[in-house]
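Participant: Structural data only, the sequence is not supplied:
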Ligand code: HEM
Ligand code: HEM
């Protein structure tokens, strides 16, 4: 596809932003929010797993899965396997992350699914699952006919980018919502934690932008006809 930039260079920016985002969300939840827990009498620790898994799992692993086609120096079949495995990990971590948000709400006696963030979140995870299953059946096993693959690929790329943009945007909504809760219960509006949360969201948005730029740019030479080769 389109942009005359070497995708490999853009993918380096993607990896650097991935590390930055992962470190920032961990520092926030472990250092500022008290840590992560599967079971605890402090239900906030259960919630903290949610942003960590949604950002590192769905957004960062999902982004690395998308750029893997353009960034890795392997054969087409190997990259296909890496793409589908990384997306499977992203999907599973995303489902566990959402489960932890529900677990926190249920164990704290709070209502479920009252916010725009949670509604879009359900949409994102369902669409991501549908995209993965369709991709697996048509491009991997049992595999569609040549015609079906050819017709499906542009839709797969378009729909994949759409779901991914929605996931990144919904993370930004999640950071906004959580920080607003924290600020109304007393943390400083211009304090270091508030800056960390807002900058983590900005890194997530930049990361998503570079993932899309990489997907839209020129693959390394041997891969120029990758779209027609499916
Ligand atoms: C694409 C990534 C994300 C998805 C798909 C997602 C999805 C969800 C869902 C489905 C819920 C509802 C849980 C319930 O009703 O019991 C929820 C809750 C919540 N999430 Fe996320 N989330 C994502 C990322 C984030 C991030 C990065 C944060 C940052 C802190 C966050 C903060 C929250 C908060 C504060 C709640 C509780 C309040 C509410 O239900 O809106 N989320 N999320
Ligand atoms: C939710 C999961 C998935 C999402 C969001 C997704 C998204 C994408 C995107 C955005 C691209 C374009 C990448 C680029 O040009 O750099 C792509 C390409 C592709 N995906 Fe997926 N994908 C998913 C799952 C799968 C699965 C399970 C398969 C099964 C093998 C698959 C097979 C392919 C193939 C064959 C291409 C074409 C690569 C090329 O010819 O350049 N995808 N996908």
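Facilitator: Here it is on my side, so go on. Note that the structure is predicted; figures quoted are calculated from it, not measured. Ligands and ions are numbered 1, 2, ... in the order given.

Participant: Please count neighbours and contacts with C-alpha atoms only from this point.
Facilitator: OK.

Participant: Please enumerate the helices of this structure.
Facilitator: Listed in chain order, the helices found in the chain under DSSP state H are 7-26, 43-52, 62-71, 76-108, 116-135, 146-184, 192-215, 226-229.

Participant: Could you pull up the residues touching the residue positioned nearest the centre of the chain?
Facilitator: Taking C-alpha atoms, centre = their mean, the centroid of the chain lies closest to residue 59, which sits 1.4 Å from it. For residue 59, the contact set (C-alpha atoms under 8 Å, 6 or more residues apart in numbering) comprises 90, 164, 167, 168, 204, 208.

Participant: Please report phi then psi for the closest residue to residue 183 other than its chain neighbours.
Facilitator: Closest residue to residue 183 in three dimensions, ignoring its sequence neighbours and counting by C-alpha to C-alpha, 6 or more residues apart in numbering: residue 189, at 6.2 Å. Residue 189 adopts backbone torsions of phi -70, psi -30, taken as degrees, to the nearest 10.

Participant: Residue 189 reaches residue 180, doesn't it?
Facilitator: No: using C-alpha atoms under 8 Å, residue 189 makes no contact with residue 180, being 9.2 Å away.

Participant: for ligand 2, what are the nearby residues on this protein?
Facilitator: Contact residues, the chain versus ligand 2 (C-alpha under 6 Å from any ligand atom): 66-67, 69-70, 80, 84, 87, 128-129, 131-132, 135-136, 139-140, 157, 160-161, 215, 226-227, 230.

Participant: what's the least confident helix or strand in the protein, going by average pLDDT?
Facilitator: Of the helices and strands making up the chain, the lowest-confidence element is helix 226-229, at a mean of 47, by mean pLDDT, DSSP states H and E.

Participant: Quick one: distance of the longest strand along the chain to the chain centre.
Facilitator: Counting by DSSP state E, the longest strand found in the chain is strand 3-6. Here strand 3-6 is found 24 Å from its chain centre; the criterion is C-alpha atoms, centre = their mean, to the nearest Å.

Participant: same deal with stretch 126-136?
Facilitator: 14 Å.

Participant: contacting residues around it?
Facilitator: Residues contacting stretch 126-136 (C-alpha under 8 Å, 6+ apart): 84, 87, 88, 91, 143, 156, 159, 160, 163.

Participant: Pick the most deeply packed of the helices of the chain.
Facilitator: Stretch with highest mean neighbour count among the helices of the chain: helix 62-71 (a mean of 25; mean count of other C-alpha atoms under 10 Å).

Participant: So for it, mean pLDDT?
Facilitator: What helix 62-71 shows for mean pLDDT is 96.

Participant: next one: stretch 18-30
Facilitator: 99.

Participant: and that stretch, does that touch ligand 1?
Facilitator: No: counting by C-alpha under 6 Å from any ligand atom, ligand 1 is not contacted by stretch 18-30; separation bottoms out at 8.4 Å.

Participant: Touching that stretch from outside, list them.
Facilitator: Outside stretch 18-30, the residues touching it (C-alpha under 8 Å, 6+ apart) are 35-36, 48, 51-52, 55-56, 60, 193, 196-197, 200, 203-204, 207.
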